[in-house]
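Student: Give me the fold of what follows.
(chains A and B)
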Amino acid sequence: NAGVTQTPKFRILKIGQSMTLQCTQDMNHNYMYWYRQDPGMGLKLIYYSVGAGITDKGEVPNGYNVSRSTTEDFPLRLELAAPSQTSVYFCASSFPPGTGPDSPLHFGNGTRLTVT
Amino acid sequence: AQKVTQAQTEISVVEKEDVTLDCVYETRDTTYYLFWYKQPPSGELVFLIRRNSFDEQNEISGRYSWNFQKSTSSFNFTITASQVVDSAVYFCALSSDNYGQNFVFGPGTRLSVLP
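Tutor: Residues are numbered from 1 along each chain as shown, chains lettered A, B, ... in the order given. The predicted structure is shown next:
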């Protein structure tokens, strides 16, 4: 049982490049999330999904896109990378709140992205 | 809108001292859930506790305890007899069924436990 797996762990991008951050979970969770954590700051929600085929914007969606074709996978796409997107990106998953001990967020280990 | 405030940006204590991390939340929902997460220097996020809005009973787990008070919209976290391994950033978070499944995180409190 791997939990939430993110790849890559680290990446350096040049301004204007694109990339996809991969996230997969093996806990059959309905909900998946992408957060970014800027240095010394809390987590801000980029996008989330309540099930396959359904995605919605969070607090800071600009410059990102997501898709949810399967329950397991929730990739995050960065188009035209900018220095402001330098951050640590966390993928997370959960069951709906209140459905039991698994309703907390389960986080991946993060992807540290630098855009120069 | 939902909001979580952690007014203490950084706290330093000496090992074996008790320390309380404050968390104040805002929500209009009657059903909501509160969480604490720990982020050690290695960077991963570790779930510590969940509490729902209907359960105001305080909880103790080893050296950790949590005080949930709806009257003051607070969910404070106390570490008793702190240890160096407790050094981390601690995040309080809020979620509810009626807010798009969004977990709202506070800015975090960085705790340094000195030997």
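Student: can you pull the contacts of residue 20?
Tutor: This is for chain A. A:75-78 (Cβ atoms under 8 Å, 6 or more residues apart in numbering or on different chains). C-beta coordinates here come from the backbone N, C-alpha and C atoms, glycine included.
Student: Chain B is the one I meant
Tutor: When contacts are counted by Cβ under 8 Å, 6+ apart, residue B:20 touches B:76-79.
Student: Looking at the residues you listed, state which has the most neighbours.
Tutor: In terms of neighbour count, residue B:77 stands highest of those at 22 neighbours, by other Cβ atoms under 10 Å in any protein chain shown.
Student: now that one: how far from residue B:70?
Tutor: To residue B:70, residue B:77 is 16 Å away according to Cβ to Cβ, to the nearest Å.
Student: so where do the strands sit in chain A?
Tutor: For chain A, strands defined by DSSP state E occupy the ranges A:4-7, A:10-13, A:19-25, A:31-37, A:43-51, A:54-57, A:64-66, A:76-78, A:87-94, A:106-107, A:111-115.
Student: Identify the residue spatially nearest to residue A:57, adjacent ones excluded.
Tutor: In this structure, residue A:57 finds its nearest non-sequential neighbour in residue A:47, 6.1 Å apart by Cβ to Cβ, 6 or more residues apart in numbering or on different chains.
Student: Using ChimeraX, define a selection of the buried residues within the contacts of residue A:20.
Tutor: If you want just the buried ones from the contacts of residue A:20 in ChimeraX, going by 16 or more other Cβ atoms under 10 Å in any protein chain shown, the selection is:
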select /A:75,76,78
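Student: So which residues on chain A come close to chain B?
Tutor: Counting by Cβ under 8 Å from any Cβ of the partner chain, chain A comes close to chain B at A:31, A:33, A:35, A:41-45, A:48, A:50, A:56, A:58-59, A:88, A:90, A:92, A:96-98, A:103-107, A:109-110.
Student: ok, 10 Å please
Tutor: Residues of chain A lying close to chain B by Cβ under 10 Å from any Cβ of the partner chain are A:9, A:30-33, A:35, A:37, A:40-45, A:48-50, A:56-59, A:88, A:90, A:92, A:94, A:96-98, A:101, A:103-110, A:112.
Student: which residues does residue B:36 bridge with?
Tutor: Beta bridges link residue B:36 to residue B:49, residue B:92, judged by DSSP bridges.
Student: Run me through the strand neighbours of the helix or strand of chain B with the lowest mean pLDDT, direction for each.
Tutor: Within chain B, confidence by mean pLDDT, DSSP states H and E is lowest for strand B:59-61 among all helices and strands, at a mean of 87. For strand B:59-61, the pairing partners within the sheet under DSSP bridges are strand B:64-69 (antiparallel).
Student: Give me the below-cutoff pLDDT ranges for chain A.
Tutor: Under the criterion pLDDT under 70, the flagged ranges of chain A are A:1, A:97-102.
Student: residue nearest the centroid of it?
Tutor: Central residue check for chain A by Cα atoms, centre = their mean: the C-alpha nearest the mean position is that of residue A:34, 2.6 Å away.
Student: I'd like to know how far it sits from residue A:48.
Tutor: Here residue A:34 is placed at a distance of 7 Å from residue A:48 (Cβ to Cβ).
Student: what do the two both touch?
Tutor: Where contact means Cβ atoms under 10 Å, 6 or more residues apart in numbering or on different chains, the residues bridging residue A:34 and residue A:48 through contact with each are A:55, A:58, A:61, A:66, A:74, A:92.
Student: Most widely separated two among those?
Tutor: The widest separation within the shared contacts of residue A:34 and residue A:48, taken as Cβ to Cβ, falls between A:61 and A:92 and amounts to 16.0 Å.
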